[in-house]
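> turn this into a structure:
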Amino acid sequence: MKEHIKIGIIGLGKRGRMLLSIIARMHDVTIAAVCDLYEDRRIEAGKEVEKIAGNIPFSTDNYKDILAMEDIDAVIITASWSSHANIAIEAMKGGKYVGSEVGGAYSVEDCWELVKTYEQTGTPCMMLENCCYGREELMVLNMVRKGVFGEVVHCQGGYRHDLRAEVAFGKENRHYRLANYQNRNCDNYPTHALGPIAKILDINRGNRMISLVSVASKAAGLNEYILNKKGPDYYLSNYKFVQGDIVTTIIKCSHGQTITITLDTTLPRAYSRDFRVHGTKAMFMEENNSLFIDDMHNEFEFKWKEQWNNVENFRKEYEHPIWQDYKPEEDASHGGMDYLVLRAFFDSVKRQVQTPIDVYDMASWMCITPLSEQSIALGGQPVPVPDFTNGKWLNREPAPGGKYCLDRVAGE
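Predicted structure coming up:
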């Protein structure tokens, strides 16, 4: 086991800087190199690392320079969505562990290339899906494993986040989301919803997704927002955005479960991941933080508001082991789950073992974007979801153990 590792961070936009700030405070990880196309971002990132950790990282505008550094153990990819797969593939070929930020793929072929490269090189590649380490998501996973939900029948989730300012001012902010909303119509950000659900439903380890259908609403939210904020003379005021305001995707699984995920980012709303799990014995609802357990809560069927926030009553018994051992700072990024997913990745790098979210997870979650794009273009027709494990999902080995193993069960 390595006591200390060196990493490079590729991409220093808002998300890259957020993760850089967390990692720089970890005493067993050194940020040895940073990369971004924009010089000002590289300069500011270097200053921040020096201020927090005391070292000055190597700086470059070409990620290949980092991949060529022999002392780099792993790379964190926080660049634009379109570059994730290519950088990850080259990093695996260079023998560097890959921790890739979330985002949908641009083609199913890219997802296959990720899998083929891993199988050829044996170098692990992990999607840094922080929501898999969310407190509620892990507590529900623990309860599912303990049988509280009975047989899980349906799950839902969404990325319901008002991103109008980020998208509309993409040119000023140098943000890649704008080009995507101008040119694509799909669920471009499926993994916050799908990641935790996939773990609950044993996707790629005893179960798999077999098909999906997607539909998109009209695009109106961004035009209204831009007109109000920028006026009629702004160059995007009358632009015909391709991306629908609401995209709904329904996925069918091999064992009969259904999954509904929603993209909702260009209309005014409160933030929600809309996480919901429904089984034969219980139901969890994230939006009011409640659990309905059969034979316990039936009398509240028509007065459920009285049970809002009742999850706290079950916390002591069903808190996931990862959160039993973790007390985040009050200002922790995304409630602490950013720190946890990074520690899960670095723990695997240090121990030189497989990551808890592997390349098969990454490929099957990312492919929802191009598949939803295809289904929408076909008027909501079903499209098949590839089996990136090539049949290994039927009897794969257990997920790797360790402190950050998602399948750890409380009390066992």
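
> name the nearest residue to the residue nearest the centre of the chain, ignoring sequence neighbours.
If you average the C-alpha coordinates of the chain and look for the closest C-alpha using Cα atoms, centre = their mean, you land on E129, 3.2 Å from that point. Once its chain neighbours are removed from consideration, E129 has its nearest residue in G195; the separation is 3.9 Å (Cβ to Cβ, 6 or more residues apart in numbering). Bear in mind the C-beta positions are built from the backbone N, C-alpha and C, glycine included.

> distance between the host helix or strand of that neighbour and the chain's centre?
Here G195 sits within helix 191-200, counting by DSSP states H and E. Centre-to-centre, helix 191-200 and its host chain are 8 Å apart (Cα atoms, centre = their mean, to the nearest Å).

> which residue ranges of the stretch 101-250 of the chain form strands?
Remark: strands assigned in the stretch 101-250 of the chain by DSSP state E, counting those that start in this stretch are 125-127, 152-160, 209-216, 246-253.

> still on that earlier bit, so what's the residue nearest to the centre of the chain up against?
By Cβ atoms under 8 Å, 6 or more residues apart in numbering, the contact set of E129 is 102, 191-192, 195, 341, 357, 365.

> what of F314?
Under the criterion of Cβ under 8 Å, 6+ apart, the neighbours of F314 are 139, 143, 291.

> surely T389 touches E397?
No - proximity of T389 to E397 does not meet the contact threshold set by Cβ atoms under 8 Å, at 11.6 Å.

> when the two are compared, which one has more neighbours?
T389 (19 against 8; other Cβ atoms under 10 Å).

> ok, and the closest non-adjacent residue to the more buried one?
The shortest distance from T389 to any residue that is not its chain neighbour, by Cβ to Cβ, 6+ apart, is 5.2 Å, and that residue is Y360.

> now the phi/psi pair for that neighbour, please.
Geometry field for Y360 lists phi and psi as phi -70, psi -40, criterion degrees, to the nearest 10.

> what's the neighbour count on A216?
For A216, the number of neighbouring residues by other Cβ under 10 Å comes to 23.

> any idea what it is bridged to?
Here A216 sits in beta bridges with V247, going by DSSP bridges.

> distance of it from F284?
27 Å (Cβ to Cβ, to the nearest Å).

> deepest in the core, which of the strands of the stretch 101-250 of the chain is it.
strand 125-127 (a mean of 27; mean count of other Cβ atoms under 10 Å).

> count the neighbours of P196 for me.
Counted with other Cβ under 10 Å, residues neighbouring P196 total 26.

> so who does it touch?
Remark: with contacts taken as Cβ under 8 Å, 6+ apart, P196 is in contact with 131-132, 134, 137, 140-141, 157, 275.

> do the same with Y234
Contacts here follow Cβ under 8 Å, 6+ apart; on that basis Y234 touches 226-227.

> rerun that using 7 Å as the cut-off
Contact analysis of Y234 by Cβ atoms under 7 Å, 6 or more residues apart in numbering lists I226.

> list phi and psi for it.
In this entry, Y234 is assigned phi and psi values of phi -70, psi 140 (degrees, to the nearest 10).

> and what of H27?
Main-chain dihedrals, H27, degrees, to the nearest 10: phi -70, psi -20.

> just the pLDDT at it, thanks.
Each residue has a pLDDT score; the one for H27 is 97.

> now it: how far from D202?
Look at H27 and D202: by Cβ to Cβ, they are 36 Å apart.

> same thing with L194?
In this structure, L194 and D202 are separated by 14 Å, where distance is defined by Cβ to Cβ.
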